[in-house]
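below are the sequence and a predicted model; questions follow.
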Amino acid sequence: MSDPLALPAPAACRLPPARAYTERKPLKASRLDQAAAKVVGLVRVGLADWSARRYARIARRAASQDDEMAALSDEALRLRIRALTATLRARKGFRDADIADAFALIREMSGRVKGQRHYGVQMMGAAALLDGRIAQMATGEGKTLTATLAAGTAALAGLPVHIVTVNDYLAERDAEEMRPLFAALGLSVGVVKEKQELPERAQAYGCNITYCTNKDLAFDYLRDRIALGQRASDVRLKLENLHAPESRLAQLRLRGLHFAIVDEADSVLIDEARTPLIISAPAGSQFGPEVLSRAMEIAGQVSTPEDYLIDAAEHRITLTETGRARIADLAASDDPGQDSVWRGRVTREGLVRQALSALHLFHRDEHYILRDGKVVIVDANTGRVMPDRSWSDGLHQMVEHKEGCELSGARSTLARMTYQRFFRRYARLSGMTGTTRGVAAEFWTVYRLPVVRIPTHRPVQRQHLPDEVLPDEGAQWRRVIERIAELHTRGCPVLVGTRSVAASARASAHLTAAGLPHTVLSAAQDGQEAAIVAEAGQRGRITVATNMAGRGTDIKLGPGVAERGGLHVLMVERQDARRIDDQLAGRSGRQGEPGCFQAILSLDDPLMEGSFIGRGLARRIMALLGPQKGQAFGRCLLRHAQRRTERLHGHMRADLLHSDQMQDRILAFAGHSE
Ligand SMILES: Nc1ncnc2c1ncn2[C@@H]1O[C@H](COP(=O)(O)OP(=O)(O)OP(=O)(O)O)[C@@H](O)[C@H]1O
């Protein structure tokens, strides 16, 4: 970057500070510790967090230097940055006065290089990040720019910083957007991308500041752990590195876990924490198509609820005793030779369970798409494809078989862990999010992260219209199309939010039938993402998007759009958590701009599947209650279904963490706190 303000001594990658592979010791996992943390967590959430006052003081102190900073020549500003770097490196920890000085300098530099000066509330948020907290800042408040203050200060102090986002698109976008500012501060910026090999990754992590996704980061750490082996102590690693140039450290991607700023922290640390991270390697044996066909056949001959139970919410199939006996009979009957695969109970039942899962739990255009004859998983949280991931324990091959695709090789697990356990290993962890609704206590119990609410820069102008609940999908789409047509005529851009590729396709079909021009953004169209997002705020645009566009995307309003009420976000399916609804709403009304959020839903909503009341009965009650009370009843039902899913997911995370902690005892190698 040939930036006129860039420091001459430059963007070179620095050596890791003191420790060779820094990471924090695992948290204590005894029941007593956990119970105590739960109580503290609840108390913390209940009490006002006074630390926000301290952050406000830091912000004021930084702002008081504005005139002095503005008067500095570019050269004088560079000298001040050098002096500050020396001060920060000489100290242990961050003092408020130093933080204020750093913020004042970075803010001034940002104004000169990018034309964007950090607001006071952004400095408050950044101070919270440096203090190891979750800064709760409303959607659109500029968290990307906020992170630069904390990351810049920590990096000047010599800490390698990881800025963690939810997807490749955001990691790359944010890195490119902020690179000129960091370059001007003399800091190097690396981006970790999905397809990179080890040297490129190591180089990106070797920079002062690294933008990456939570998936890449956690998998790279897992791979490092495999390379390091069990119980490789820090001292031993340093010694090895001194004496043997080709030591294990040279095979590592990361430089340890020093300081992480997790953007969209609720998505990364809470929602994604339900899925374990597994590194696998090609396994020796694999079942051929005949065995998979036979499993599918048997799966077609058993029935629910006598033989098996489907738990759609937990994505689990449970065989009943009757089912087990039936499967044994079926497997034995047509197979007089008794192929050895079918003789063992565990293998036999495992195969049929996977076949049942492939048939009843994993649906095309929802959980996966077909691309170039391959099954490509769609991440339920981000709505994005994950081309290099596969389901474990033979499920992936079963789904491939169901779809008639060529079978990929079977894989066996090499290492496994959870996001909870991974992020807890950071010496300094912090995060930013638009909402912590319902999960603030969990941030504390699981990660020891307190939440601090940061005020908005300008008052929020977004209008929330009351939810409308229609009895069925047909009525819902008639109403949705009517509303979109009305907004389109007014020139208002509309973002229609769905939960799956299939729902987006349905929305698109309805819009086409109504003659409304629109664009679809989903896992199937991820290549054109930037272009679609850039256009979504223009006059009269209609964009249909899965939750791919529900987080982080910054839709800029075109000329004349603010006068027409800004972007109108229309949600047609409730999400698994209220927080995710809030995030979708937050695509409009950013930075104090006008905007509107509305949900038009139906009792056919996928969330209603596990509801205590059947859809038919719910429709009858709604009709009986009349328009107004019926609406209130419908809204109540859907909220209840959402809360049920939130609770269920909470239990799943707790279970996963518990089993992970058990494993930790076996797999852990010595990590040392700072
Ligand atoms: N200090 C500032 N001065 C001018 N513009 C700013 C400032 N801070 C942020 N912005 C602008 O505000 C918009 C929103 O920023 P950004 O996308 O970082 O918000 P966010 O808080 O991350 O949103 P979300 O919660 O949706 O992820 C961007 O267009 C950004 O350029």
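Looks like it came in fine.

so how far is A183 from the closest residue to the ligand within the stretch 1-150 of the chain?
Nearest to the ligand, among the residues of the stretch 1-150 of the chain, is G142, at 2.5 Å (CB to the nearest ligand atom). Using the backbone N, CA and C atoms, a C-beta is placed for each residue, glycine as well. Noted for G142: a distance of 20 Å to A183, by CB to CB, to the nearest Å.

on that earlier part again, over to the residue of the stretch 1-150 of the chain closest to the ligand: give its phi and psi.
Dihedral angles of G142 (phi, psi; degrees, to the nearest 10) stand at phi 90, psi 50.

pull the contacting residues for it.
118-119, 122, 457, 591 (CB atoms under 8 Å, 6 or more residues apart in numbering).

which of those residues are close to the ligand?
Applying CB under 6 Å from any ligand atom to those, one finds that 118-119, 122, 591 fall near the ligand.

return the item of these having minimum pLDDT.
pLDDT across the ones next to the ligand among the contacts of G142 is lowest for Q591, at 87.

contact residues of the stretch 351-500 of the chain facing the ligand?
Residues of the stretch 351-500 of the chain found near the ligand (CB under 6 Å from any ligand atom) are G434.

list the buried ones in stretch 114-122?
117-122 (16 or more other CB atoms under 10 Å).

ok, which pair from these is furthest apart?
Of all pairs drawn from those, the greatest distance, 12.4 Å, lies between R117 and V121 (CB to CB).

which ones among the buried residues of stretch 114-122 are found in strands?
Among those, no member falls in strands (DSSP state E).

would you map the helices across the stretch 101-250 of the chain?
Using DSSP state H, counting those that start in this stretch, the helices assigned to the stretch 101-250 of the chain run over residues 120-130, 143-156, 168-184, 198-205, 214-228, 234-243.

how close does A531 get to Y169?
12 Å.

of the two, which one has the most company?
Y169 (19 against 11; other CB atoms under 10 Å).

what about the more buried one, distance to A36?
40 Å.

next: I279.
Noted for I279: a distance of 33 Å to A36, by CB to CB.

G152 now?
Distance of G152 to A36, given as CB to CB: 36 Å.

flag the shaky bits of the stretch 201-350 of the chain, pLDDT-wise.
By pLDDT under 70, the low-scoring segments of the stretch 201-350 of the chain are 229-250, 283-285, 313, 334-339.

can you do 80?
Residues of the stretch 201-350 of the chain meeting the criterion pLDDT under 80: 227-251, 275, 279-287, 312-315, 333-341.

between the buried residues of stretch 114-122, which is closest to A502?
Checking these against A502 with CB to CB, the nearest one is Q122 at 39.2 Å.

my guess is that closest one contacts T146. True?
Yes. Using CB atoms under 8 Å, Q122 is in contact with T146, at 4.3 Å.

anything in contact with each of those two?
M137.

so what does the residue of the stretch 501-650 of the chain found nearest the ligand look like in phi/psi?
Using CB to the nearest ligand atom, D554 is the residue of the stretch 501-650 of the chain that sits closest to the ligand, at 3.7 Å. Dihedral pair for D554: phi -110, psi 100, per degrees, to the nearest 10.

does it touch E141 like I think?
No. Applying CB under 8 Å, one finds D554 not in contact with E141, separated by 11.2 Å.

who has more neighbours out of these two?
Each of D554 and E141 has its neighbours counted (other CB under 10 Å); E141 has more, 27 against 17.

who are the contact partners of that one?
Going by CB under 8 Å, 6+ apart, E141 touches 121-122, 125, 434, 454, 456-457, 590-591.
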